[in-house]
Structures are given as C-alpha cells and as structure tokens.
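Trainee: heads up, no residue letters with this:
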C-alpha cells in the first residue's frame with residue numbers, strides 16, 4: 001500500500017514539474033507580469049516541494065529513522081542517512097524556504113527567483129526522486 005501511495009506522489013511530482021516547464025516563460029521579466037504563469041508556477045513548485053517532503057518522510061520511515069521535526073529537516077536526515085548528497089539536501093532545504101514564502105507570504109515572492117528555480121533547478125526535484133526510488137527499491 002505504501003508503495004502505491006509513493007508511486008502516486010512520484011507521478012504527481014512529474015506532472016508538477018511538467019507544468020512548470022510548460023508555463024515558464026523564456027525570460028524572467030515576462031513572468032513578473034504574467035499572473036497566470038505566476039500562479040501556475042508557484043502552485044506547482046510548492047506542490048513539488050511538499051511531494052518531495054512526503055516521499056522523503058516515507059523513505060525515512062521505511063529506514064527506521066526518527067521522524068523529522070520540520071520539512072527542511074527531512075532532507076538533512078536523508079543526507080545523514082546517505083540517501084541523498086549533502087549538496088542536494090541543501091538545495092531541497094532552500095526549496096522548502098521558497099515553499100514557505102509562497103504559501104505564507106505570496107505578495108513577497110521574487111519572480112526572478114521563481115524563474116531561476118523553474119529554469120535551472122527542476123533537476124533537483126528529479127535527482128531527489130531518483131534517489132528516493134533507488135532507496136525504496138532496495
């Protein structure tokens with residue numbers, strides 16, 4: 001049952017990343033004025049972060065590790081367990097910071113940063129998913 005839930009979360013993650021790729025304008029300046037793209041990108045990026053946290057918690061639970069106290073701690077623990085690289089854990093921790101701003105302080109979002117995430121850091125989510133799948137498959 002847990003495997004089915006994790007597989008659904010991985011499918012949702014793939015869909016989120018695809019929507020970000022599809023809706024992200026080529027130039028950051030275009031994103032600053034396109035409210036529809038802003039909504040689509042921020043929603044799907046926040047979902048992607050949440051899905052990674054959920055998947056990470058599943059991996060940790062399966063390994064017998066203690067439950068993380070915060071979303072960011074999920075990635076630190078995965079790194080401590082040798083499941084993801086420390087550099088990836090740090091990038092995912094920063095993604096949690098973006099998620100918190102997007103959820104709690106939407107008016108404060110820097111769309112230049114969102115554009116950078118959408119154009120240069122989606123592979124972080126994919127790298128995380130590959131590591132999680134490898135760990136869950138073992």
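Mentor: Noted; the coordinates are in hand. Note that this is a predicted model, so its numbers are computed, not measured.
Trainee: How many residues are close by residue 19?
Mentor: For residue 19, the neighbour count with other Cβ atoms under 10 Å is 17. Every C-beta, even on glycine, is put in place using the N, C-alpha and C of the backbone.
Trainee: How much space separates the most centrally placed residue in the chain from residue 137?
Mentor: Nearest residue to the geometric centre of the chain (Cα atoms, centre = their mean): residue 49, 2.8 Å. Applying Cβ to Cβ, to the nearest Å, the value for residue 49 to residue 137 is 23 Å.
Trainee: Same check on residue 28?
Mentor: As for residue 28, its distance to residue 137 is 38 Å (criterion: Cβ to Cβ).
Trainee: between these two, which one's more packed in?
Mentor: residue 28 (17 against 7).
Trainee: residues contacting the residue nearest to the more buried one when sequence neighbours are not counted?
Mentor: Setting aside the residues directly before and after it, residue 28 is nearest to residue 115 in space (Cβ to Cβ, 6 or more residues apart in numbering), at 3.8 Å. By Cβ atoms under 8 Å, 6 or more residues apart in numbering, the contact set of residue 115 is 24, 25, 27, 28, 31.
Trainee: Output these in CSV, with secondary structure appended to each entry.
Mentor: Formatted as CSV, the contacts of residue 115 follow (DSSP: H, G, I helix; E, B strand; the rest coil):
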residue, secondary structure
24, coil
25, coil
27, coil
28, helix
31, helix
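Trainee: need the contact list for the most far-flung residue of the chain relative to its centre.
Mentor: What lies farthest from the middle of the chain is residue 33; by Cα atoms, centre = their mean that is 24.3 Å. The contact partners of residue 33, by Cβ under 8 Å, 6+ apart, come to none.
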